[in-house]
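Student: Any chance you could fold what I've pasted below:
(2 chains)
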2 protein chains.
Amino acid sequence: MLMYRRLLAASAVFALLSGAAHAQDVRTAEALRDKALLDRTAWDITEDLTTSIGPRVVGSPAMERAKDWAVAKFKALGFTNIKVEEFAKPSWTRGEESAQLVAPYPMKLDIVGLGRTVSTPPGGIEAEVALFRTYAEMIAAPEGSLKGKIAVITQPMVKAQDGSGYGVAGISRRAGPVEAAKRGAVALLIRSVSTSDSTVPHTGMTAFGDQVVTIPAAAMGVPEAEQLERLAKKGPLRIKLKLASTTDPNDVAWNISGDIKGSEKPDEVIVIGGHLDSWDVGTGALDDATGIGITTAAAKLIGDLPKHPKRTIRVVMWGSEESGGSSEAYLAAHKDEVSKIVLAGESDSGADRIYSLKLPAGAAKHPIATTAANVLAPLKIYVNQQPAAHGGADIAGLESAGVPSIELEQDASRYFDYHHTADDTLNKVDPLQLAQNVAAWTSLIYLVADSDIDFRALKPAGAAATH
Amino acid sequence: MLMYRRLLAASAVFALLSGAAHAQDVRTAEALRDKALLDRTAWDITEDLTTSIGPRVVGSPAMERAKDWAVAKFKALGFTNIKVEEFAKPSWTRGEESAQLVAPYPMKLDIVGLGRTVSTPPGGIEAEVALFRTYAEMIAAPEGSLKGKIAVITQPMVKAQDGSGYGVAGISRRAGPVEAAKRGAVALLIRSVSTSDSTVPHTGMTAFGDQVVTIPAAAMGVPEAEQLERLAKKGPLRIKLKLASTTDPNDVAWNISGDIKGSEKPDEVIVIGGHLDSWDVGTGALDDATGIGITTAAAKLIGDLPKHPKRTIRVVMWGSEESGGSSEAYLAAHKDEVSKIVLAGESDSGADRIYSLKLPAGAAKHPIATTAANVLAPLKIYVNQQPAAHGGADIAGLESAGVPSIELEQDASRYFDYHHTADDTLNKVDPLQLAQNVAAWTSLIYLVADSDIDFRALKPAGAAATH
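Tutor: Purely as a prediction, here's the structure:
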């Protein structure tokens, strides 16, 4: 901690000179940061949510227990103005699933149905395989050319610190089923959108929005995909796939929030949070119990101060990120308040260390950037010259309505090893890196909450209102 | 390769001075070693066995295909005296398996039945859990105290380079079911004997020899075991377990062998090999397609020499290691030949690099040790002062009959992450480390095969005939 104290003194002086923030604010932010590094609130929240509730898929009894857990947690930690905001959300519930290689020889394949997939007939679908090594290869196949076949896409995902491999490889999952159906396929099986070498398959939503998927779609483990690639070189493959699921078009979900009320300008609100729902296959530790833990702990640590900062800090535990809906619901419910939401941020890429801060457009040259850089430097976080583009799926609605957002970019190198799998469990969370996340959120959010900074006013001329 | 050439020259001189081996033999051993580092035979064998045959459990159609594959492979690689030696081996075949946490809330548990486990009734067994954090804790429970309960043991396995954590943690699997039944349990669920943090469960035989297991027994993933430990602190747990399997008491297995015939003393035989069978859940890449690949490639490289070494090198692809039987069957079939088997060795700990050579008792002070040390040094392998104790499960029969054995100890740090799981697949094999294994086996076996060394004569007085 000695190192931190020295840096604290130096950066407080710097802040005074730059006029970025009151020296006292910087000192408080730094004290919060250092306290957070030794605080176990985030870990306790993460452990409790994953253990007491377990998997939390929208529409499940567990999600209802999670809602009550959230309210109790906000109360226990001293939050006020606790709200449970219900919204309509059709749910999808997984049933029995299995797949086997049938030819050239029988072998079980570890698979998981994609979110929102339709079921196969009860006896399953057995068909010859049309294997494509990339999504683009399948797109190049003419309409009707996959008639009666199970399309298989084996495109791997590239590991990258910023998680940028996800968008590229993820298209097989997002658009694959619709595109395979167009070409006549009776089902689609993709290599999991994964950076691991594991057999544990990755689920995730397919066909967002109004798209209708008409064929069953599932993901298989990485070794299975590579095995199919090798076998396909030797001769034709046949696969049998069984998927079952049920849906409830009249289900509901909830955004749950709690406030640390501002001491001077309580109507100015900073919205932070993570999402409470998870996929059904793991306990949603990295996705996104840790996001709940990090942001709730950060607000709680600020709330424990003798005097709250000027502005209100609101933690929203988003109720339906995985299958969408939280973001639009919150915007609809808070339309009148949007202009008073001064900043939004979401923690939703696991719990490995934060390495970069992206501020709202126009803020990189503002003194807040220098103050933040000084406060975050001991955590080994730099201030990115690129502005925040997408702060998180659940705040996309607020962003589209003009709310400025931040990104505290987490190292996603390991995140997509476990994302949307049965292996997204507490033992993948590193408590020290988790604490580094809390320290960053706590100190940064405090600085903004106790300031008068208006990020909207900093936006460069010509910047679009939406990202 | 320059580094190797220099070392070659230096160690050839050393060998001459020590009288350990003819300088020409050392040069040939070193040339073989360096060739092996760039040879792809072991990789090709490993890829072909895991891809063309897949999982190879005793009694399966795949095992029969593996037998034919082995004969064809020996023929293609120039082996002679190819033999298929059948022996009686009851088989056990896995059926449908599942487990759920029932209380405090429903959650799927990833499990795998232990080899030889009995089935549950078709509807499964549901019972309250008696959780023990170690095997010793369960043993301390009095007889009858687990009546009507599902015993759960959550003892973790320690990661160690020499794999020594396996014996300690493995007792839950080996003896757990019998001991839990004695205490009245209706089923046993253990934390996988695993060094990974994965949900993928590890199978493996339970109750070796004549022991009869009367209760169903399975292993669960690591996160599941840790989740149960945390939940057990909060209140009672209930689990539902379904296991199904069939057995065939009249099944058979095969040891398959091929020779590189000795040029001067063909009746003196060195037996090396790996095991052809695997568990049913993965493709048995590390356990033990790589052992087949390493030892077959080593013998083949020696067989490609213009002149074969003096003694015969025999590769045995053992046909039933996982559920036992190969070792006894080979000894019974080769009783009359045992005195002419001058050395035995098995590769069966994956394909990560070899770090230590253990020679037969008494050989550490023999000049062969110095020669071996010099030849293996560039591969970063030292000659252990401890003698070989157990060269492998399949050569235990030969060892018990007085055949000297070697151990080329592989780094097992990663091995028990994947051992006996659906994740034991080709993508866990590192081709460079695999080649280092081949280089070690090739050069060492050549040195012994072209020598007159009689390891039996070196055995210190008083050393037991059996290990």
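
Student: closest point of the stretch 101-250 of chain A to chain B, which residue?
Tutor: Using CB to the nearest CB, residue A:223 is the residue of the stretch 101-250 of chain A that sits closest to chain B, at 3.5 Å. For every residue, glycine as well, the C-beta is placed using N, CA and C.

Student: That residue reaches residue B:425, doesn't it?
Tutor: Yes - with contact defined as CB atoms under 8 Å, residue A:223 reaches residue B:425; the gap is 3.5 Å.

Student: Need the residues touching each of these two.
Tutor: The contact sets of residue A:223 and residue B:425 overlap at A:199, B:282, B:283 (CB atoms under 8 Å, 6 or more residues apart in numbering or on different chains).

Student: With secondary structure, pLDDT and neighbour count added, can I get those residues in TSV?
Tutor: TSV is the format used below for the shared contacts of residue A:223 and residue B:425 (DSSP: H, G, I helix; E, B strand; the rest coil; pLDDT from 0 to 100; neighbours: other CB atoms under 10 Å in any protein chain shown):
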residue	secondary structure	pLDDT	neighbour count
A:199	coil	98	25
B:282	coil	97	26
B:283	coil	98	28
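
Student: I figured residue A:273 was touching residue A:295, is that so?
Tutor: Yes - when contacts are counted by CB under 8 Å, residue A:273 is listed as touching residue A:295 (5.2 Å).

Student: what sits in contact with each of the two?
Tutor: A:315, A:346, A:347.

Student: Can you give the domain ranges for chain A?
Tutor: As given by automatic domain parsing, the domain ranges for chain A are A:31-90+A:251-457, A:92-247.

Student: Ranking those domains by mean neighbour count, which comes first?
Tutor: domain A:31-90+A:251-457 (a mean of 22; mean count of other CB atoms under 10 Å in any protein chain shown).

Student: okay, and for the stretch 351-467 of chain A, where does confidence drop off?
Tutor: Along the stretch 351-467 of chain A, the model assigns pLDDT under 70 to residues A:462-467.

Student: Quick check: chain neighbours aside, which residue is closest to residue A:398?
Tutor: residue A:344 (4.8 Å; CB to CB, 6 or more residues apart in numbering or on different chains).

Student: Now render the shared contacts of residue A:223 and residue B:425 as a markdown table, adding distance to residue A:206.
Tutor: Formatted as a markdown table, those follow (distance: CB to CB, whole Å):
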| residue | distance to residue A:206 |
| --- | --- |
| A:199 | 21 |
| B:282 | 28 |
| B:283 | 28 |
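
Student: For chain A, which residue occupies the most central location?
Tutor: Among the residues of chain A, the one closest to the centroid is residue A:348, at 3.2 Å (CA atoms, centre = their mean).

Student: name the element it belongs to?
Tutor: According to DSSP states H and E, residue A:348 maps onto no helix or strand at all.

Student: ok, now how distant is it from chain B?
Tutor: 21 Å (CB to the nearest CB, to the nearest Å).

Student: Quick check, residue A:89 in contact with residue A:58.
Tutor: Yes - using CB under 8 Å, residue A:89 is in contact with residue A:58, at 5.7 Å.

Student: Spit out the residues that contact the two alike.
Tutor: Joint contacts of residue A:89 and residue A:58 (CB under 8 Å, 6+ apart) are A:251, A:253, A:319, A:320, A:323, A:325.

Student: so who does the third one touch?
Tutor: What it means is residue A:319. Taking CB under 8 Å, 6+ apart, we find residue A:319 in contact with A:58, A:63, A:67, A:87, A:89, A:253-256, A:275-277, A:325-326, A:329.

Student: How about the longest helix along chain A and chain B, touching?
Tutor: Counting residues, the longest helix found in chain A (DSSP state H) is helix A:431-449. No - using CB under 8 Å from any CB of the partner chain, we find that helix A:431-449 stays clear of chain B, coming within 14.1 Å at best.

Student: ok, then the element right after that helix?
Tutor: helix A:455-458.

Student: hmm, who's touching that following helix?
Tutor: Contacts of helix A:455-458 (CB under 8 Å, 6+ apart): A:342, A:343, A:359, A:360, A:361, A:362, A:363, A:366, A:402, A:404.

Student: Could you check the angle the strand or helix carrying residue A:295 makes with helix A:431-449?
Tutor: Under DSSP H and E, the secondary-structure element containing residue A:295 is helix A:290-303. Between the axes of helix A:290-303 and helix A:431-449, defined by axes from the mean of the first three to the mean of the last three CA atoms, to 10 degrees, the angle is 50 degrees.

Student: Quick check: neighbours of the longest strand along chain A in the sheet, parallel or antiparallel?
Tutor: Determined from DSSP state E, the single longest strand within chain A is strand A:91-103. Counting by DSSP bridges, the strands paired with strand A:91-103 are strand A:107-109 (antiparallel), strand A:238-248 (antiparallel).

Student: To residue B:112, which of those strands lies closest?
Tutor: strand A:107-109 (11.3 Å; CB to CB).

Student: Would you mind measuring from residue A:323 to residue B:108?
Tutor: Separation of residue A:323 from residue B:108 (CB to CB, to the nearest Å): 19 Å.

Student: Same question for residue A:448.
Tutor: Residue A:448 is 42 Å from residue B:108, by CB to CB.

Student: again with residue A:32
Tutor: Using CB to CB, we find residue A:32 at a distance of 40 Å from residue B:108.

Student: ditto for residue A:373
Tutor: From residue A:373 to residue B:108 the distance is 46 Å (CB to CB).

Student: Would you tell me which residues of chain A are close to chain B?
Tutor: So far as CB under 8 Å from any CB goes, chain A lies against chain B at A:47, A:50-55, A:61-62, A:65, A:105, A:107-108, A:110, A:197-200, A:221-223, A:226-227, A:230-231, A:234, A:281-283, A:421-423, A:425-428.

Student: Quick check, the residue in the stretch 351-467 of chain A closest to chain B?
Tutor: Closest point on the stretch 351-467 of chain A to chain B, by CB to the nearest CB, is residue A:425, at 3.5 Å.

Student: Can you name the residues that contact that residue?
Tutor: A:50, A:282, A:283, A:285, A:418, B:199, B:223, B:226, B:227.

Student: for residue A:439, same thing?
Tutor: Residue A:439 makes contact with A:32, A:33, A:34, A:36, A:37, A:379, according to CB under 8 Å, 6+ apart.

Student: Is the fourth one located within a helix, as I assumed?
Tutor: Yes - when the secondary structure is assigned by DSSP: H, G, I helix; E, B strand; the rest coil, residue A:36 falls within a helix.

Student: That one contacts residue A:445, correct?
Tutor: No - judged on CB under 8 Å, residue A:36 makes no contact with residue A:445 at a distance of 10.9 Å.

Student: residues shared between the contacts of those two?
Tutor: residue A:298.

Student: If I look at the closest residue to residue A:101 other than its chain neighbours, what pLDDT would I see?
Tutor: Using CB to CB, 6+ apart and skipping the chain neighbours, the partner closest in space to residue A:101 is residue A:107 (4.3 Å). As summarised for this prediction, residue A:107 has a pLDDT of 97.

Student: I'd guessed residue A:107 sits against residue A:99; true?
Tutor: No - the pair residue A:107 and residue A:99 does not pass the contact test of CB under 8 Å, sitting 9.8 Å apart.

Student: so where do the strands sit in the stretch 1-150 of chain A?
Tutor: A:80-88, A:91-103, A:107-109, A:111-113, A:125-132, A:150-153 (DSSP state E, counting those that start in this stretch).

Student: For residue A:295, see how far away the residue lying closest to residue A:52 once chain neighbours are set aside is.
Tutor: Once flanking residues are discounted, residue A:52 sits nearest to residue A:69: 6.6 Å by CB to CB, 6+ apart. According to CB to CB, residue A:69 and residue A:295 sit 16 Å apart.
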